[in-house]
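Engineer: Give me the fold of what follows.
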Amino acid sequence: MTDKVKSSRQHQIRDLNDVLRIRGVGGRTVISRGLAAIPADELAVVLRAVAAFTAFDERNDPHGEHDCALMEVVGHQVLWKIDTYASDLRYLSPDAGDPDLTRRVLTIMLAGEY
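Structural biologist: Residues are numbered from 1 along each chain as shown. Modelled structure (predicted):
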């Protein structure tokens, strides 16, 4: 795979991940049991913070795919990650850049639950 093709694929994956994280489109969002147990007003702040996250850098996003981050929100260490599965949700996607072959799952949890 050439660098240009690899870069284009990374951008495509990043864009699809961002659409799910920001707009909730193109996959499923699940929250952990621990996160579901925090007060509803705090949970709303956490969900907005995940959608608004832009502090991607080499340390937390080495592949440029915007698929994971650790952040502190209203006193909680929150981890979110996006996994890409084949359409039956049983195995990893054969091509995370192809929305026809891929189902995205955004999981948001308290960091201690990972």
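Engineer: can you map out the helices along the chain?
Structural biologist: Ranges of helices in the chain, per DSSP state H, are 3-23, 33-36, 40-52.
Engineer: I'd like to know how far the most centrally placed residue in the chain sits from residue 18.
Structural biologist: Centre of the chain computed as the mean C-alpha position; nearest residue by C-alpha atoms, centre = their mean is residue 82, 3.2 Å away. With distances taken as C-beta to C-beta, to the nearest Å, residue 82 is found 9 Å from residue 18. The C-beta positions use only the backbone N, C-alpha and C, and glycine is treated the same way.
Engineer: In contact with the residue lying closest to the residue nearest to the centre of the chain once chain neighbours are set aside, which residues are there?
Structural biologist: Distances taken as C-beta to C-beta, 6 or more residues apart in numbering put residue 67 closest to residue 82, at 4.5 Å, once the chain neighbours are dropped. By C-beta atoms under 8 Å, 6 or more residues apart in numbering, the contact set of residue 67 is 13, 17, 61, 81-83.
Engineer: Most neighbours out of those, which is it?
Structural biologist: residue 13 (24 neighbours; other C-beta atoms under 10 Å).
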